[in-house]
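Participant: Any chance you could fold what I've pasted below:
(chains A and B)
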Amino acid sequence: MKMANDVTKSNEIPQSWLPLLDLAAREVFDIMLGCKLESPSEVVPPTTEFTAMVGLAGELCGLLTLRCSSQSAALIASKMLGVSVSQADEQMWDAIGEIANMIAGNFKNKLTGMGERCVLSVPTVITGSDYSFRSMSNTGPLEVTLLFEGSPVSVAVEVHS
Amino acid sequence: MNKVRALIVDDSSVMRKIVERSIRQAGIDLSEVREAANGAEGLGALQESAVDLILCDINMPVMDGLEFLRQLQSIENAKGVPVVMITTEGSESHVVQALSIGARGYIRKPFTPEQVKEHVVPLLEGKK
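Facilitator: This is a model prediction of the structure:
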(Lines give C-alpha, C1' and ligand atoms only; values in the text may rest on other atoms or scores of the structure.)
Protein backbone atom coordinates (compact mmCIF):
# COMPACT_ATOMS: atom_id res chain seq x y z
CA MET A 1 0.00 0.00 0.00
CA LYS A 2 1.39 3.44 -0.95
CA MET A 3 0.91 5.87 1.89
CA ALA A 4 1.64 9.58 1.84
CA ASN A 5 3.39 9.51 5.18
CA ASP A 6 5.96 7.13 3.68
CA VAL A 7 7.72 10.32 2.60
CA THR A 8 7.68 12.01 5.94
CA LYS A 9 8.99 8.92 7.68
CA SER A 10 11.97 8.40 5.41
CA ASN A 11 12.57 11.87 3.94
CA GLU A 12 12.74 10.16 0.54
CA ILE A 13 10.08 9.59 -2.09
CA PRO A 14 9.46 5.83 -2.10
CA GLN A 15 10.64 4.21 -5.32
CA SER A 16 7.40 2.24 -5.18
CA TRP A 17 5.68 5.46 -6.29
CA LEU A 18 7.48 5.35 -9.65
CA PRO A 19 5.12 2.78 -11.24
CA LEU A 20 2.18 4.90 -10.05
CA LEU A 21 3.62 8.01 -11.69
CA ASP A 22 4.30 6.00 -14.83
CA LEU A 23 0.74 4.62 -14.85
CA ALA A 24 -0.80 8.02 -14.12
CA ALA A 25 0.94 9.49 -17.18
CA ARG A 26 0.11 6.57 -19.44
CA GLU A 27 -3.59 6.66 -18.49
CA VAL A 28 -3.92 10.38 -19.17
CA PHE A 29 -2.29 10.15 -22.60
CA ASP A 30 -4.33 7.06 -23.46
CA ILE A 31 -7.70 8.49 -22.40
CA MET A 32 -7.31 12.12 -23.44
CA LEU A 33 -5.13 11.76 -26.54
CA GLY A 34 -5.77 8.18 -27.62
CA CYS A 35 -2.02 7.55 -27.55
CA LYS A 36 -0.06 4.81 -25.87
CA LEU A 37 3.12 6.07 -24.25
CA GLU A 38 6.03 3.70 -24.83
CA SER A 39 8.94 2.83 -22.60
CA PRO A 40 12.22 3.91 -24.20
CA SER A 41 14.94 1.33 -24.70
CA GLU A 42 17.32 3.86 -23.19
CA VAL A 43 16.41 6.96 -21.21
CA VAL A 44 17.14 10.06 -23.25
CA PRO A 45 15.77 13.20 -21.59
CA PRO A 46 13.56 15.38 -23.79
CA THR A 47 14.69 18.63 -25.33
CA THR A 48 13.04 20.84 -22.76
CA GLU A 49 11.20 23.62 -24.52
CA PHE A 50 7.93 23.39 -22.59
CA THR A 51 7.69 22.83 -18.83
CA ALA A 52 4.28 22.51 -17.18
CA MET A 53 4.16 22.67 -13.40
CA VAL A 54 1.40 21.78 -10.97
CA GLY A 55 1.81 22.40 -7.26
CA LEU A 56 0.76 19.89 -4.61
CA ALA A 57 -0.34 21.23 -1.24
CA GLY A 58 -1.59 19.65 1.94
CA GLU A 59 -0.18 16.50 3.44
CA LEU A 60 1.87 16.02 0.30
CA CYS A 61 3.61 19.28 -0.65
CA GLY A 62 5.64 19.54 -3.78
CA LEU A 63 5.59 19.94 -7.50
CA LEU A 64 4.83 17.81 -10.52
CA THR A 65 6.50 18.82 -13.76
CA LEU A 66 5.94 17.69 -17.33
CA ARG A 67 8.72 18.50 -19.78
CA CYS A 68 8.80 18.08 -23.53
CA SER A 69 9.86 19.64 -26.81
CA SER A 70 7.75 22.26 -28.57
CA GLN A 71 7.06 19.70 -31.28
CA SER A 72 5.61 17.31 -28.70
CA ALA A 73 3.62 20.11 -27.07
CA ALA A 74 2.09 20.99 -30.42
CA LEU A 75 1.27 17.34 -31.10
CA ILE A 76 -0.31 16.98 -27.65
CA ALA A 77 -2.56 19.99 -28.34
CA SER A 78 -3.36 18.67 -31.80
CA LYS A 79 -4.42 15.27 -30.52
CA MET A 80 -6.38 16.68 -27.60
CA LEU A 81 -8.38 18.98 -29.85
CA GLY A 82 -8.56 16.68 -32.86
CA VAL A 83 -7.16 19.35 -35.18
CA SER A 84 -3.98 19.71 -37.22
CA VAL A 85 -0.73 20.68 -35.52
CA SER A 86 -0.78 24.10 -37.19
CA GLN A 87 -4.33 24.75 -35.98
CA ALA A 88 -3.38 23.75 -32.44
CA ASP A 89 -0.36 26.02 -32.29
CA GLU A 90 -1.85 28.62 -29.96
CA GLN A 91 -3.29 26.01 -27.63
CA MET A 92 0.03 24.35 -26.73
CA TRP A 93 0.43 26.09 -23.36
CA ASP A 94 -3.09 25.36 -22.28
CA ALA A 95 -2.97 21.75 -23.48
CA ILE A 96 0.27 20.83 -21.80
CA GLY A 97 -0.84 22.51 -18.58
CA GLU A 98 -4.03 20.49 -18.55
CA ILE A 99 -2.18 17.25 -19.23
CA ALA A 100 0.15 17.98 -16.31
CA ASN A 101 -2.86 18.82 -14.14
CA MET A 102 -4.56 15.53 -14.99
CA ILE A 103 -1.38 13.52 -14.40
CA ALA A 104 -0.96 15.19 -11.01
CA GLY A 105 -4.56 14.47 -10.05
CA ASN A 106 -4.41 10.92 -11.31
CA PHE A 107 -1.13 10.32 -9.49
CA LYS A 108 -2.26 11.66 -6.12
CA ASN A 109 -5.51 9.71 -6.36
CA LYS A 110 -3.43 6.53 -6.68
CA LEU A 111 -1.72 7.24 -3.37
CA THR A 112 -3.84 5.85 -0.56
CA GLY A 113 -5.60 8.66 1.26
CA MET A 114 -3.89 11.39 -0.73
CA GLY A 115 -6.93 12.28 -2.81
CA GLU A 116 -8.48 13.63 0.38
CA ARG A 117 -5.50 15.38 1.91
CA CYS A 118 -3.73 16.97 -1.03
CA VAL A 119 -4.95 19.68 -3.39
CA LEU A 120 -3.56 20.86 -6.70
CA SER A 121 -2.68 24.33 -7.91
CA VAL A 122 -3.74 25.58 -11.29
CA PRO A 123 -0.99 24.74 -13.80
CA THR A 124 1.82 27.05 -14.83
CA VAL A 125 3.64 26.60 -18.14
CA ILE A 126 6.98 28.07 -19.06
CA THR A 127 8.69 27.91 -22.42
CA GLY A 128 12.35 27.86 -23.28
CA SER A 129 15.22 25.87 -21.89
CA ASP A 130 17.53 28.54 -20.50
CA TYR A 131 16.36 28.55 -16.93
CA SER A 132 17.38 27.20 -13.54
CA PHE A 133 14.88 25.27 -11.51
CA ARG A 134 14.81 24.98 -7.75
CA SER A 135 11.71 23.48 -6.16
CA MET A 136 12.70 23.66 -2.46
CA SER A 137 12.19 19.92 -2.41
CA ASN A 138 14.24 17.99 0.08
CA THR A 139 13.67 14.56 -1.37
CA GLY A 140 15.09 14.68 -4.89
CA PRO A 141 12.92 14.04 -7.92
CA LEU A 142 11.07 10.91 -8.86
CA GLU A 143 11.10 10.97 -12.64
CA VAL A 144 9.85 8.86 -15.50
CA THR A 145 10.66 9.42 -19.16
CA LEU A 146 8.37 7.88 -21.76
CA LEU A 147 8.05 8.13 -25.51
CA PHE A 148 5.13 10.04 -27.00
CA GLU A 149 4.94 9.39 -30.73
CA GLY A 150 8.65 8.56 -30.63
CA SER A 151 9.74 11.65 -28.70
CA PRO A 152 10.61 11.68 -25.01
CA VAL A 153 8.44 13.37 -22.42
CA SER A 154 9.43 13.46 -18.77
CA VAL A 155 7.18 13.57 -15.75
CA ALA A 156 8.74 14.28 -12.38
CA VAL A 157 7.52 14.71 -8.83
CA GLU A 158 9.48 16.48 -6.13
CA VAL A 159 8.20 16.55 -2.59
CA HIS A 160 8.85 18.76 0.38
CA SER A 161 8.39 16.43 3.31
CA MET B 1 -34.23 14.63 -26.33
CA ASN B 2 -34.70 18.30 -27.24
CA LYS B 3 -31.89 20.56 -28.29
CA VAL B 4 -29.75 21.53 -25.33
CA ARG B 5 -28.15 24.83 -24.36
CA ALA B 6 -24.97 24.18 -22.37
CA LEU B 7 -22.66 26.31 -20.27
CA ILE B 8 -19.10 24.98 -19.87
CA VAL B 9 -17.04 26.56 -17.08
CA ASP B 10 -13.32 25.73 -17.12
CA ASP B 11 -10.21 27.89 -17.07
CA SER B 12 -8.71 25.81 -19.86
CA SER B 13 -10.01 26.61 -23.33
CA VAL B 14 -8.71 23.23 -24.49
CA MET B 15 -10.76 21.45 -21.84
CA ARG B 16 -13.85 23.47 -22.76
CA LYS B 17 -13.49 22.25 -26.34
CA ILE B 18 -12.97 18.66 -25.20
CA VAL B 19 -16.01 18.79 -22.92
CA GLU B 20 -18.12 20.19 -25.76
CA ARG B 21 -16.89 17.47 -28.11
CA SER B 22 -17.62 14.80 -25.51
CA ILE B 23 -21.17 16.08 -25.04
CA ARG B 24 -21.76 15.94 -28.78
CA GLN B 25 -20.21 12.44 -28.92
CA ALA B 26 -22.66 11.44 -26.19
CA GLY B 27 -25.42 12.07 -28.73
CA ILE B 28 -26.63 15.27 -27.10
CA ASP B 29 -27.88 17.77 -29.66
CA LEU B 30 -26.44 21.12 -28.64
CA SER B 31 -28.20 24.22 -29.90
CA GLU B 32 -25.92 26.60 -28.04
CA VAL B 33 -22.66 26.34 -26.12
CA ARG B 34 -21.57 29.14 -23.83
CA GLU B 35 -18.12 29.18 -22.32
CA ALA B 36 -16.76 30.73 -19.14
CA ALA B 37 -13.18 30.71 -17.83
CA ASN B 38 -14.11 30.79 -14.13
CA GLY B 39 -17.07 30.76 -11.79
CA ALA B 40 -17.58 34.51 -11.88
CA GLU B 41 -17.80 34.51 -15.67
CA GLY B 42 -20.17 31.57 -15.45
CA LEU B 43 -22.52 33.44 -13.11
CA GLY B 44 -22.40 36.43 -15.45
CA ALA B 45 -23.32 34.25 -18.42
CA LEU B 46 -26.29 32.81 -16.54
CA GLN B 47 -27.56 36.24 -15.56
CA GLU B 48 -27.78 37.07 -19.26
CA SER B 49 -29.71 33.99 -20.32
CA ALA B 50 -30.73 30.51 -19.23
CA VAL B 51 -29.17 27.18 -20.19
CA ASP B 52 -30.29 23.55 -19.83
CA LEU B 53 -27.01 22.03 -18.63
CA ILE B 54 -23.91 23.26 -16.80
CA LEU B 55 -20.55 21.47 -16.76
CA CYS B 56 -18.03 22.96 -14.37
CA ASP B 57 -14.42 22.49 -13.28
CA ILE B 58 -13.45 22.96 -9.62
CA ASN B 59 -9.87 24.33 -9.63
CA MET B 60 -10.11 27.70 -11.33
CA PRO B 61 -8.68 31.15 -10.62
CA VAL B 62 -10.92 34.08 -9.62
CA MET B 63 -13.83 31.89 -8.50
CA ASP B 64 -13.60 28.12 -8.15
CA GLY B 65 -16.28 25.62 -8.99
CA LEU B 66 -17.50 25.10 -5.44
CA GLU B 67 -18.07 28.82 -4.87
CA PHE B 68 -19.78 28.96 -8.26
CA LEU B 69 -22.14 26.23 -7.06
CA ARG B 70 -22.92 28.11 -3.86
CA GLN B 71 -23.69 31.37 -5.65
CA LEU B 72 -25.62 29.59 -8.40
CA GLN B 73 -28.50 29.05 -6.03
CA SER B 74 -29.36 32.75 -6.11
CA ILE B 75 -29.50 32.94 -9.91
CA GLU B 76 -33.03 32.64 -11.26
CA ASN B 77 -31.87 31.32 -14.65
CA ALA B 78 -30.06 28.42 -12.93
CA LYS B 79 -32.99 27.03 -10.97
CA GLY B 80 -33.47 23.35 -11.76
CA VAL B 81 -30.57 23.28 -14.20
CA PRO B 82 -28.39 20.18 -13.67
CA VAL B 83 -24.74 20.88 -12.88
CA VAL B 84 -22.08 18.25 -13.48
CA MET B 85 -18.61 18.81 -12.07
CA ILE B 86 -15.67 17.72 -14.30
CA THR B 87 -12.44 17.92 -12.36
CA THR B 88 -9.11 16.40 -11.41
CA GLU B 89 -10.03 16.76 -7.74
CA GLY B 90 -11.34 13.25 -7.28
CA SER B 91 -11.53 12.89 -3.52
CA GLU B 92 -14.68 11.70 -1.82
CA SER B 93 -14.82 14.88 0.25
CA HIS B 94 -14.85 17.00 -2.91
CA VAL B 95 -17.60 14.83 -4.37
CA VAL B 96 -19.69 14.97 -1.20
CA GLN B 97 -19.18 18.72 -0.88
CA ALA B 98 -20.11 19.38 -4.50
CA LEU B 99 -23.19 17.17 -4.34
CA SER B 100 -24.28 18.75 -1.04
CA ILE B 101 -24.32 22.23 -2.55
CA GLY B 102 -26.19 21.41 -5.68
CA ALA B 103 -24.11 19.42 -8.17
CA ARG B 104 -26.01 16.52 -9.74
CA GLY B 105 -23.04 14.63 -11.11
CA TYR B 106 -19.28 14.32 -10.83
CA ILE B 107 -16.82 13.22 -13.51
CA ARG B 108 -13.11 12.83 -12.82
CA LYS B 109 -10.48 13.92 -15.35
CA PRO B 110 -9.23 12.19 -17.39
CA PHE B 111 -12.60 11.12 -18.73
CA THR B 112 -14.02 9.37 -21.76
CA PRO B 113 -17.04 10.46 -23.84
CA GLU B 114 -18.79 7.35 -22.51
CA GLN B 115 -18.48 8.66 -18.96
CA VAL B 116 -19.95 11.98 -20.02
CA LYS B 117 -22.84 10.15 -21.64
CA GLU B 118 -23.39 7.98 -18.56
CA HIS B 119 -23.56 10.98 -16.23
CA VAL B 120 -25.23 13.62 -18.38
CA VAL B 121 -27.86 11.91 -20.52
CA PRO B 122 -29.95 10.58 -17.57
CA LEU B 123 -29.99 14.08 -16.09
CA LEU B 124 -31.32 15.57 -19.30
CA GLU B 125 -33.88 12.81 -19.61
CA GLY B 126 -34.98 13.40 -16.04
CA LYS B 127 -34.01 9.91 -14.93
CA LYS B 128 -31.52 10.88 -12.28
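Participant: Surely A:Ile126 and A:Thr65 touch.
Facilitator: No: applying C-beta atoms under 8 Å as the test, A:Ile126 and A:Thr65 come out as separate, 9.9 Å apart. Glycine gets a C-beta too; all of them are placed from N, C-alpha and C.
Participant: So the two - more neighbours on which side?
Facilitator: Using other C-beta atoms under 10 Å in any protein chain shown, the more surrounded residue of A:Ile126 and A:Thr65 is A:Thr65, with 23 against 15.
Participant: Assumed that one was part of a helix.
Facilitator: No: assigned with DSSP: H, G, I helix; E, B strand; the rest coil, A:Thr65 falls outside any helix and is strand.
Participant: so how far is chain B from it?
Facilitator: Using C-beta to the nearest C-beta, to the nearest Å, A:Thr65 is found at 16 Å from chain B.
Participant: For that residue, give the beta-bridge partners.
Facilitator: A:Met53, A:Ala156 (DSSP bridges).
Participant: List phi and psi for B:Gly114.
Facilitator: Not quite, residue B:114 is Glu, not Gly. phi -60, psi -40 (degrees, to the nearest 10).
Participant: got it, and A:Thr112?
Facilitator: Dihedral pair for A:Thr112: phi -50, psi 120, per degrees, to the nearest 10.
Participant: what number of residues lie near it?
Facilitator: The number of residues near A:Thr112, taken as other C-beta under 10 Å, comes to 13.
Participant: can you map out the helices along the chain?
Facilitator: Going with chain A. When assigned using DSSP state H, the helices of chain A occupy the ranges A:5-10, A:18-28, A:70-81, A:92-110, A:114-117.
Participant: nope, chain B please
Facilitator: Going by DSSP H, chain B shows helices at B:13-25, B:39-48, B:65-72, B:92-100, B:113-124.
Participant: I'd like these laid out as TSV, including mean neighbour count.
Facilitator: Converted to TSV, these look like this (neighbours: other C-beta atoms under 10 Å in any protein chain shown):
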stretch	mean neighbour count
helix B:13-25	20
helix B:39-48	19
helix B:65-72	21
helix B:92-100	15
helix B:113-124	18
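Participant: Please identify the deepest-packed of the helices of chain A.
Facilitator: helix A:92-110 (a mean of 26; mean count of other C-beta atoms under 10 Å in any protein chain shown).
Participant: model confidence over it, on average?
Facilitator: What helix A:92-110 shows for mean pLDDT is 95.
Participant: do the same with stretch A:52-69
Facilitator: On average, stretch A:52-69 scores 93.
Participant: and it, how far out from the chain's middle?
Facilitator: 7 Å (C-alpha atoms, centre = their mean, to the nearest Å).
Participant: next one: stretch A:154-161
Facilitator: 9 Å.
Participant: List the neighbours of that stretch that are in contact with it.
Facilitator: Here stretch A:154-161 makes contact (C-beta atoms under 8 Å, 6 or more residues apart in numbering or on different chains) with A:7-8, A:11, A:13, A:17, A:21, A:24-25, A:45-46, A:56, A:60-68, A:100, A:103, A:107, A:135-146.
Participant: From those residues, keep the buried residues only.
Facilitator: Among the contacts of stretch A:154-161, the ones that count as buried by 16 or more other C-beta atoms under 10 Å in any protein chain shown are A:7, A:13, A:17, A:21, A:24-25, A:46, A:56, A:60-68, A:100, A:103, A:107, A:135, A:137, A:139, A:141-146.
Participant: Format the helices of chain A as JSON lines; extra columns: distance to B:Ala103.
Facilitator: Formatted as JSON lines, these follow (distance: least, C-beta to C-beta, whole Å):
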{"stretch": "helix A:5-10", "distance to B:Ala103": "31"}
{"stretch": "helix A:18-28", "distance to B:Ala103": "23"}
{"stretch": "helix A:70-81", "distance to B:Ala103": "25"}
{"stretch": "helix A:92-110", "distance to B:Ala103": "17"}
{"stretch": "helix A:114-117", "distance to B:Ala103": "17"}
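Participant: which residue does chain B bring closest to chain A?
Facilitator: Of all residues in chain B, B:Thr88 sits closest to chain A, at 2.9 Å by C-beta to the nearest C-beta.
Participant: Tell me who's in contact with the nearest residue to that residue once chain neighbours are set aside.
Facilitator: Nearest non-adjacent residue to B:Thr88, counting by C-beta to C-beta, 6 or more residues apart in numbering or on different chains: A:Gly105, 2.9 Å away. A:Gly105 makes contact with A:120, B:87-90, B:108-109, according to C-beta under 8 Å, 6+ apart.
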